[in-house]
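Q: need the 3D shape of this:
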Amino acid sequence: MDARILAAHRRRPRTLIVLIPFLAAVALSGCTGAATPTPSAATDAPSTATPTAPPATSKASVSPAAEAPFPVTLTDDEGTSVTIPAEPTRIVTLTPAATETLFALGLGDRIVGKAEDVLLYPPQASAVPDVEKFDGSAVAVDVEQIVADKADLVIAGGNFGTPPDTVQQLRDLGLPVVVVYAPTVDGVYTDIKLLGWAVGRSGEAAAMVATMRAGFDAVTAAVADAPRPRVYYELDATGAYYGPSDQSFLAQMIGLAGGDPITTGSPDKYDISAERLLAEDPEVILLADAAYGVTAADVAARPGWSTMTAVKNGDIRPIDDSTVTRPGPRLFQGLELLASTIHPELTIAASSPIPPAP
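A: Purely as a prediction, here's the structure:
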């Protein structure tokens with residue numbers, strides 16, 4: 001499953017909700033309102049570090065040209081061509097990252113419905129009604145409310161973040177639906193540009209990406225000469241142990257933050273055996289589930305774990321992964337937090353959030 005979906009949909013302490021399989025080969029795309037050449041994936045990647053996960057293939061393009069007049073036709077992350085007839089003024093965001101991105105673009109007042117967000121950000125989004133919720137076993141979208149809200153653009157989550165049949169239902173009703181899903185950092189940049197183009201704010205989106213890339217570059221420069229400890233990032237330990245899969249977004253983030261990620265041994269599974277963890281011998285254990293009551297003492301008391309280097313040295317550290325795993329405008333702050341938690345001996349500058357565009 002996707003670590004970001006896990007973080008977004010937890011409902012009670014230490015309850016793992018398995019919503020979706022992680023698709024490591026999801027195709028990323030940007031958009032094109034005009035026939036403009038696309039920046040390559042390499043130009044959008046952080047410039048001072050090599051990702052630990054292979055970049056995904058891009059199906060479409062992001063135009064760096066001046067704002068095109070509406071209507072705009074673009075291609076979303078699932079390869080679907082979407083035409084937006086006029087600049088959207090009533091938008092529904094069915095992913096928390098899309099909600100954040102639109103607020104950062106200064107368009108929070110245009111959002112008429114959003115996905116429920118247990119890690120709500122920004123606080124102003126609390127005024128937007130939830131039209132997508134998780135009932136404990138499935139994602140439910142209130143299609144009737146979206147239609148009643150007279151939405152003129154819906155931003156949905158790929159990789160089953162929004163049920164595919166719901167996406168099709170909305171499209172059958174004549175609503176333009178742009179599906180986004182970014183399995184890599186490069187894909188996050190591309191999707192922010194994609195959303196900027198879709199809402200008529202491509203210039204602001206490009207500036208946002210430039211700020212994020214500068215933040216990533218500063219972190220990767222800060223950790224460039226540091227040792228790379230073996231890092232186990234624990235998402236959950238309810239019934240089984242869950243950490244990053246081999247080709248996951250989270251594994252890439254750990255690598256960029258100056259760690260050597262201990263992964264599950266699978267490209268798309270997030271459960272990891274205790275035997276594999278013992279063999280990998282983490283030097284640092286990061287507890288994303290600390291917010292749900294898991295402590296360093298709990299970890300040290302697990303059968304056999306006392307032999308791990310991280311346990312023997314007391315390097316079991318809580319981390320707030322709300323910025324680490326959310327593919328939105330604060331992702332560079334997530335990398336800063338991740339790097340400073342892995343490398344407390346280094347000085348990693350903490351940045352301020354990107355303010356909403358005027």
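Q: give me the distance from stretch 80-90 to the chain's centre.
A: 23 Å (C-alpha atoms, centre = their mean, to the nearest Å).
Q: swap in stretch 192-209?
A: Relative to its parent chain, stretch 192-209 has a centroid offset of 17 Å by C-alpha atoms, centre = their mean.
Q: what do you get for stretch 220-237?
A: So, by C-alpha atoms, centre = their mean, the centroid of stretch 220-237 is 18 Å from its chain's centroid.
Q: now the end-to-end length of it.
A: 30 Å (C-alpha to C-alpha, to the nearest Å).
Q: go on, stretch 130-141?
A: Using C-alpha to C-alpha, the end-to-end distance of stretch 130-141 comes to 9 Å.
Q: so how far is that stretch off the chain centroid?
A: Taking C-alpha atoms, centre = their mean, the mean C-alpha location of stretch 130-141 is offset from the chain mean by 19 Å.
Q: let me see the mean pLDDT of it.
A: The average pLDDT for stretch 130-141 rounds to 91.
Q: got the buried residues for it?
A: 131-132, 134, 139, 141 (16 or more other C-beta atoms under 10 Å). For the C-beta atoms, the positions are set from N, CA and C on the backbone; glycine is no exception.
Q: run a quick neighbour tally on the residue nearest to residue 270 when sequence neighbours are not counted.
A: Nearest non-adjacent residue to residue 270, counting by C-beta to C-beta, 6 or more residues apart in numbering: residue 242, 4.8 Å away. Residue 242 has 24 neighbours, counted by other C-beta atoms under 10 Å.
Q: I'd guessed residue 242 sits against residue 272; true?
A: Yes - between residue 242 and residue 272 there is a contact under C-beta atoms under 8 Å: 7.0 Å.
Q: which two of the buried residues of stretch 130-141 lie the greatest distance from each other?
A: Farthest-apart pair in those is 131 and 134; separation 12.6 Å (C-beta to C-beta).
Q: with distance to residue 218 added, can I get the buried residues of stretch 130-141 in JSON lines?
A: Below are the buried residues of stretch 130-141 laid out as JSON lines (distance: C-beta to C-beta, whole Å):
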{"residue": "131", "distance to residue 218": "37"}
{"residue": "132", "distance to residue 218": "35"}
{"residue": "134", "distance to residue 218": "35"}
{"residue": "139", "distance to residue 218": "36"}
{"residue": "141", "distance to residue 218": "39"}
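Q: for these, which one is nearest residue 324?
A: Using C-beta to C-beta, the buried residues of stretch 130-141 come closest to residue 324 at residue 134, 20.3 Å.
Q: what's the longest helix anywhere in the chain packed up against?
A: If you go by DSSP state H, the chain has its longest helix at helix 202-223. Contacts defined by 3 or more C-beta pairs under 8 Å, 6 or more residues apart in numbering; DSSP states H and E place helix 202-223 against helix 96-104, helix 185-198, helix 249-256, helix 331-342.
Q: out of those helices, which comes closest to residue 78?
A: That would be, of the helices and strands packed on helix 202-223 and by C-beta to C-beta, helix 185-198, which comes in at 11.8 Å.
Q: the closest one vs helix 249-256, what angle?
A: 120 degrees (axes from the mean of the first three to the mean of the last three C-alpha atoms, to 10 degrees).
Q: tell me the SS of the nearest residue to residue 153 once chain neighbours are set aside?
A: Excluding its sequence neighbours, the residue lying closest to residue 153 (C-beta to C-beta, 6+ apart) is residue 88, at 3.8 Å. Following DSSP: H, G, I helix; E, B strand; the rest coil, residue 88 is assigned to coil.
Q: and what of the one 4 residues further on?
A: Following three-state DSSP, the label given to residue 92 is strand.
Q: so it makes contact with residue 149?
A: Yes - Residue 92 is within contact range of residue 149, at 7.0 Å (criterion: C-beta under 8 Å).
Q: anything in contact with each of those two?
A: 112-113, 131 (C-beta atoms under 8 Å, 6 or more residues apart in numbering).
Q: switch the residues you listed over to a markdown table; also include secondary structure and distance to residue 330.
A: Shown next, in a markdown table, are the shared contacts of residue 92 and residue 149 (DSSP: H, G, I helix; E, B strand; the rest coil; distance: C-beta to C-beta, whole Å):
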| residue | secondary structure | distance to residue 330 |
| --- | --- | --- |
| 112 | strand | 23 |
| 113 | strand | 22 |
| 131 | strand | 23 |
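Q: looking at those residues, spot the one nearest residue 196.
A: For the shared contacts of residue 92 and residue 149, the nearest to residue 196 is residue 112 (19.2 Å; C-beta to C-beta).
Q: I'd like the distance between the closest residue in space to the closest one that isn't next to it in sequence and residue 180.
A: Distances taken as C-beta to C-beta, 6+ apart place residue 149 nearest to residue 112, at 4.4 Å, with adjacent residues excluded. Separation of residue 149 from residue 180 (C-beta to C-beta, to the nearest Å): 20 Å.
Q: between the two, point out the one with more neighbours.
A: The neighbour count for residue 149 versus residue 180, taken as other C-beta under 10 Å, is higher for residue 180 (31 against 16).
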